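Visitor: Structure, please.
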Amino acid sequence: MGFNIVVGQSGGPTAVINSSLAGVYETAKKMGVDKVYGMKFGIEGFLQDSLVDLDSLFTGDMSIELLKRTPSSYLGSCRFKLPELSQDEDTYKIIFSILKKYDIQAMFYIGGNDSMDTIAKLSTYAMTISSPIRFIGVPKTIDNDLMLTDHTPGYGSAAKYIATILKEMICDSTVYNIRSVTVAEIMGRHAGWLAGAASLAAGDDGEGPDIILLPEVPFDPEVFLKRVDDLQHSKSNVIIAASEGVKTKEGVYLCDLVSTAGQLDAFGHKAILSGTSRYLSDLISKNLGCKSRAIEFSTLQRCASHLASRTDISEAYMAGGAAVKAALAGETGKMSALKRLHNHPYLCVSEMVDVHAVANLEKKVPLEWITSDGTHVTKDFVHYARPLIQGELSPMFVNGVPMHMHLH
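Guide: Numbering: from 1, shown residues only. Just a heads-up that it's a prediction; the model follows:
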């Protein structure tokens, strides 16, 4: 019997999640793995025995290069919460029966906090039944909120998109010589890593955003309005970057003050956060009497592969490859993390960490990286994030638009 593996993708996609898939696949084949299967629609699809043979889909170097440049999750995704073993062992038995059916010795799951929960549960169950099957997590999330890793594949590209689009938006806001405020709403439910990335728009050719609001700091409308008013005495156009997850000191999302569309997903998270920028824009217009507009970056932050960071692509690939090497070495219940060795010059390597210490936890922006008034980030944040957005990987254009890989 040969050594077979299966890989899946889960949660919200990123611009580089497919680069991690490429890393898993290419490393596996180079190390002599016989069969590489892919889960269609994550663990939810796996439970329905929905697997594809990646060897028949990735037919050469061109396939891999296209995969690296393809946004979203090539294999499809899901938001499926694996039940607790004590509540439903049958689900685990189904998973392991399918693993046996395909003679799979290792499973890899590319995802965020909740995906690491799946790997943690399956690796624990495997030990409980004395199964030799190995389970390894590969980190992925634009939110950059995974524990035990310096940063997360997907974050650098989202940060690059945010900084780039915000720079262009700032240029647009200065067209007319009138007082105005522009509020950009950026993803981030509980952690402000993405909103903080707006600071990267600053450079020799521009100041960047004037205010950055993060979920780590409770929103104070009086402090906020005073800061905007003070800024308008020195400049005509004020630019604000706000995380979608900003809350009042009472713990109420600002978006809930303008919308009640707050349903929860399978993991108990708010499935939709939208409206923070509209709330802030209306607050400014009503209290300061100036033109104000709201712009939501929305899902564009996670699917803009044409603006992906080459650093991010390389590290996503490295994380996928490191996971395979660890599994073939006999490790299980781990996640392939990124470890920063140097900033100047920037150097990052992979290391394996206990997935149980990652699952269901969130890494937030250190408070010392946020200014004392809570309206911006410090130079330490910029020094942390700047290396992650370096470099580009040009799309392969056909008929004027990028070419992508699609699973049919």
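Visitor: Tell me which stretches of the stretch 101-250 of the chain form helices.
Guide: Counting by DSSP state H, counting those that start in this stretch, the stretch 101-250 of the chain has helices at residues 113-128, 155-173, 193-196, 221-232.
Visitor: Do you know the pLDDT at residue 269?
Guide: With respect to pLDDT, residue 269 scores 52.
Visitor: Quickly compare the helices of the stretch 101-250 of the chain and say which is most buried.
Guide: helix 193-196 (a mean of 29; mean count of other C-beta atoms under 10 Å). Backbone N, C-alpha and C define where each C-beta goes, glycine included.
Visitor: I'd like the mean pLDDT over it, please.
Guide: What helix 193-196 shows for mean pLDDT is 98.
Visitor: Alpha carbons of it, as CSV, please.
Guide: The C-alpha trace of helix 193-196 is given here as CSV (Å, rounded to 0.1, in the frame of the first residue of the first chain):
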residue,chain,number,x,y,z
TRP,A,193,-4.8,43.8,12.0
LEU,A,194,-6.5,44.6,8.7
ALA,A,195,-7.6,48.1,9.7
GLY,A,196,-4.1,48.7,11.0
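Visitor: hang on, the earlier thing: and residue 212, which of the helices of the stretch 101-250 of the chain is closest to it?
Guide: helix 193-196 (5.8 Å; C-beta to C-beta).
Visitor: before we move on, the earlier item: now the helices of the stretch 101-250 of the chain in TSV, please, with extra columns for distance to residue 381.
Guide: What follows is the helices of the stretch 101-250 of the chain, written out as TSV (distance: least, C-beta to C-beta, whole Å):
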stretch	distance to residue 381
helix 113-128	21
helix 155-173	11
helix 193-196	5
helix 221-232	18
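Visitor: Of these, which is nearest residue 81?
Guide: Ranked by C-beta to C-beta, the member of these that lies closest to residue 81 is helix 113-128, at 6.9 Å.
Visitor: next one: that closest one to chain centre, how far?
Guide: In terms of C-alpha atoms, centre = their mean, to the nearest Å, the centre of helix 113-128 is found 20 Å from the chain centre.
Visitor: what does that helix rub up against?
Guide: 10-11, 42-43, 79, 81-82, 84-85, 92, 95-96, 107, 109, 111, 131-137, 139-141, 145-146, 267, 332-333, 335, 355-356, 358-362 (C-beta atoms under 8 Å, 6 or more residues apart in numbering).
Visitor: Need the buried ones from these selected in PyMOL.
Guide: Selection of buried members from the contacts of helix 113-128 for PyMOL, criterion 16 or more other C-beta atoms under 10 Å:
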select buried, resi 10+11+42+43+79+81+82+92+95+96+107+109+111+131+133+134+135+136+137+139+140+141+145+146+332+333+335+355+356+358+359
